[in-house]
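# for reference, the sequence and a predicted model appear below.
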Amino acid sequence: MSLDFLGLPPRVGTPLFLAPQAGVSESPFRRLCREFGADVVSTEFVSARGILGGNEKTRDYLRFHDEERPIGIQIFGSDPSEMADAAALVTDVYAPDYVDINFGCPVKKVVKRNGGSGCLRDLNLVTRIVQAVSAATHLPVTTKIRSGFDETTRDPVRIGLTCQDAGSRMVTLHPRTREDMYSGSARWEEIAALREALEVPVVGNGDIRTGRDARDMVDRTGCDGVMIARGSHGRPWLFSQARAALDGGVPAPDPGVEERFRICLRHARNAIAFEGNPTKAVIEFRKHLGWYTKGLPGGRKIRADLHQVNRLEEIEERLSGFLSSEGSDEAPAGQTGAAA
Ligand SMILES: Cc1cc2nc3c(=O)[nH]c(=O)nc-3n(C[C@H](O)[C@H](O)[C@H](O)COP(=O)(O)O)c2cc1C
């Protein structure tokens, strides 16, 4: 089986996915990453119960622009019939390109109610959820998993096979357990083992920080797609570097500070336009400001300043103040072309 259901142009070899990320993979960031070469994007995980309750915040999570396509809406929950109803609702109302089920979230509040990676303790439940969701929508249904709940349940191949057999058309693996959270290294060899075992496409995820990493993951695992989360924070251009490496080229160096700030401001303006409430949007954007200024000489000072901003004009002033100060001539620490 292939990734044809994503309708990607033939020139895309191994597609690059922007990972679902709560509070990060929102519409403005998704559009930016698409411009830089992400081939597929996803909403953050949205609770099935929240979708059925239809509150305003949930509707914001689900909104997207057509230029973001192909896009998946990711849902989570532990009740198969609620998950099915939520899938049917997002299919009818939002019409994404696919519906992804979250079996990976490690957050206590979610796991406690058997959502996210909590489901990995009961593979019968995984089967029932995937079957119920698949029966409720005509869209392709996909799954995103971790390697297990803890070391005793660590068995990514069994979990992946369970998803496939229940109807999942693609499986993304972040090869850490729930217990691992983000510690240690992602075990890419588990992605290779899953690729060997499944007929449906396998997307590899975990610890892609440079363009070269994306290439290495494909070479070492044979995965059908590469998904990136943290490496793109404040660095959406990582997707173009990854694309260059996957196509056999040499990734361009990271952009200089001025260009970085231009990208940051474009992102900020889009975030404000999307949110509607400018102050709230800027406060929520502060985390991105921290990421865009990471590694800059004198970065601690500017990050502290940016942490106080409430208005777009303040962001503009602080960034241009930084550029006109001496520090801006220096290359950002640890962000040279070699790092790409
Ligand atoms: C801030 C943040 C929020 C996340 N939210 C989600 C989510 O909503 N759904 C999901 O499946 N994974 C979520 N993840 C996990 C990522 O999608 C990804 O699996 C993980 O970060 C490993 O990839 P990376 O090494 O490229 O960061 C989140 C990760 C981060 C850092």
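Now that the structure is in, tell me what you want to look at.

# residue ranges in this protein under the pLDDT threshold?
Within the chain, the stretches with pLDDT under 70 are 1, 326-340.

# now do the strands in it.
Using DSSP state E, the strands found in the chain span residues 16-18, 41-47, 71-76, 98-103, 141-148, 171-177, 202-205, 225-228.

# now do the buried residues in the longest helix along the chain.
What stands out as the longest helix in the chain, according to DSSP state H, is helix 257-275. If you call a residue buried by 16 or more other CB atoms under 10 Å, then helix 257-275 has these buried ones: 257, 260-261, 263-265, 267-268, 270-272, 274-275. The way it works is simple: take the backbone N, C-alpha and C, and place the C-beta from them, glycine included.

# kindly report the same for stretch 54-69.
Buried-residue list, stretch 54-69, by 16+ other CB under 10 Å: 58, 61, 62, 64, 68.

# show me which residues of the stretch 101-250 of the chain sit near the ligand.
102, 104-105, 144, 174, 205-208, 228-231 (CB under 6 Å from any ligand atom).

# are any of those residues buried, and which?
For those, buried by 16+ other CB under 10 Å: 102, 104, 105, 144, 174, 205, 206, 207, 208, 228, 229, 231.

# if we can go back for a sec, helices - which of the buried residues of stretch 54-69 land there?
58, 61, 62.

# ok, back up a step: among the strands of the chain, which is nearest residue 218?
strand 225-228 (6.4 Å; CB to CB).

# strand partners (parallel or antiparallel) of the closest one?
strand 16-18 (parallel), strand 202-205 (parallel) (DSSP bridges).

# about what we covered before: want to throw the residues of the stretch 101-250 of the chain next to the ligand into CSV with distance to residue 135?
Below are these laid out as CSV (distance: CB to CB, whole Å):
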residue, distance to residue 135
102, 19
104, 23
105, 23
144, 20
174, 26
205, 27
206, 31
207, 35
208, 34
228, 32
229, 30
230, 35
231, 36
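
# need phi/psi at the nearest residue to residue 3 once chain neighbours are set aside.
Closest residue to residue 3 apart from its sequence neighbours, by CB to CB, 6 or more residues apart in numbering: residue 201 at 5.0 Å. The phi and psi torsions at residue 201 (degrees, to the nearest 10) take the values phi -60, psi 150.

# now residue 201: how far from residue 2?
Using CB to CB, to the nearest Å, we find residue 201 at a distance of 7 Å from residue 2.

# give me the more crowded residue out of these two.
residue 201 (21 against 10; other CB atoms under 10 Å).

# how long is stretch 90-101 from one end to the other?
13 Å (CA to CA, to the nearest Å).

# next, the buried residues of that stretch.
In stretch 90-101, counting by 16+ other CB under 10 Å, buried: 90, 91, 94, 96, 97, 98, 99, 100, 101.

# now for those residues: which two are most distant?
Between all members of these, the farthest pair (by CB to CB) comes out as 94 and 101, at 15.8 Å.

# related to what we said a few turns ago, could you dump the strands paired with strand 225-228 into a markdown table with distance to residue 39 added?
Converted to a markdown table, these look like this (distance: least, CB to CB, whole Å):
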| stretch | distance to residue 39 |
| --- | --- |
| strand 16-18 | 5 |
| strand 202-205 | 11 |
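
# what's the closest of the buried residues of stretch 54-69 to residue 222?
For the buried residues of stretch 54-69, the nearest to residue 222 is residue 68 (28.0 Å; CB to CB).

# who's in contact with that closest one?
27, 30, 31, 34, 41 (CB atoms under 8 Å, 6 or more residues apart in numbering).

# count the residues that sit near the closest residue to it other than its chain neighbours.
Of all residues not flanking residue 68 in the chain, residue 30 sits nearest, at 5.0 Å (CB to CB, 6+ apart). Using other CB under 10 Å, residue 30 has 25 neighbouring residues.

# hmm, residue 19 and residue 30 touching each other?
No - if you go by CB atoms under 8 Å, residue 30 and residue 19 don't touch, sitting 10.7 Å apart.

# how far away is residue 100 from residue 151?
For residue 100 relative to residue 151 (CB to CB), the value is 26 Å.
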